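J.: Just a sequence and a predicted model for now, questions to come.
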Amino acid sequence: MGFKKAEQIETRSGQMRMFNMQKPKPKLRAVTSIPNEAAMHDRFNIHRNMAVPADSLVAVHFAESEGLESTSGSSGEEELSIWRHSNDTPIGFGKIYVEVRRIAGSLWALIRPATPT
């Protein structure tokens, strides 16, 4: 769980606030993302620190496996359009195949284009 850069600065600031506003809440984020050559060629990239959509299999597995050290994982298809840039535009369109599991307490996901049936 984490914040985007501007939220991180805001939460760490000791400055008093003029208006009573709620502090941002941490979200599940992609800490590291390593695209392969094919993904780079297709301009498919999950950006570092990108918020993981609540409807994604990644977020669902995270919630269901909270407190576990390791899991056998889960997988399935989802729409790429649920993944969004910080300006709320989709990072792309089409089906993606997601595999996710916990290994040694960390959540790992492999995301690739879905194979047409």
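T.: Cool, the structure landed.

J.: would you list every one of the strands in the chain?
T.: If DSSP state E is used as the criterion, the strands of the chain fall at 74-79, 95-103, 106-113.

J.: Please work out which of these is packed deepest.
T.: Comparing the strands of the chain by mean neighbour count (mean count of other CB atoms under 10 Å), strand 95-103 comes out on top with a mean of 17. From N, CA and C alone the C-beta is placed, and that goes for glycine too.

J.: Please verify my assumption that residue 90 contacts residue 50.
T.: No: using CB atoms under 8 Å, residue 90 makes no contact with residue 50, being 12.0 Å away.

J.: where do the contact lists of those two overlap?
T.: With contacts defined as CB atoms under 8 Å, 6 or more residues apart in numbering, the residues shared by residue 90 and residue 50 are residue 83.

J.: Neighbour count for those two, which is higher?
T.: Using other CB atoms under 10 Å as the criterion, residue 90 and residue 50 rank with residue 50 on top: 19 against 12.

J.: burial measure for the residue nearest to the more buried one when sequence neighbours are not counted, as a count.
T.: Of all residues not flanking residue 50 in the chain, residue 30 sits nearest, at 4.7 Å (CB to CB, 6 or more residues apart in numbering). When counting by other CB under 10 Å, one arrives at 18 neighbours for residue 30.

J.: ok now stretch 102-115, how far from the chain's centre?
T.: 11 Å (CA atoms, centre = their mean, to the nearest Å).

J.: So residue 113 versus residue 36, what's the distance?
T.: Note on residue 113: its distance to residue 36, by CB to CB, to the nearest Å, is 12 Å.

J.: Ok, residue 61 next?
T.: Going from residue 61 to residue 36 by CB to CB gives 22 Å.
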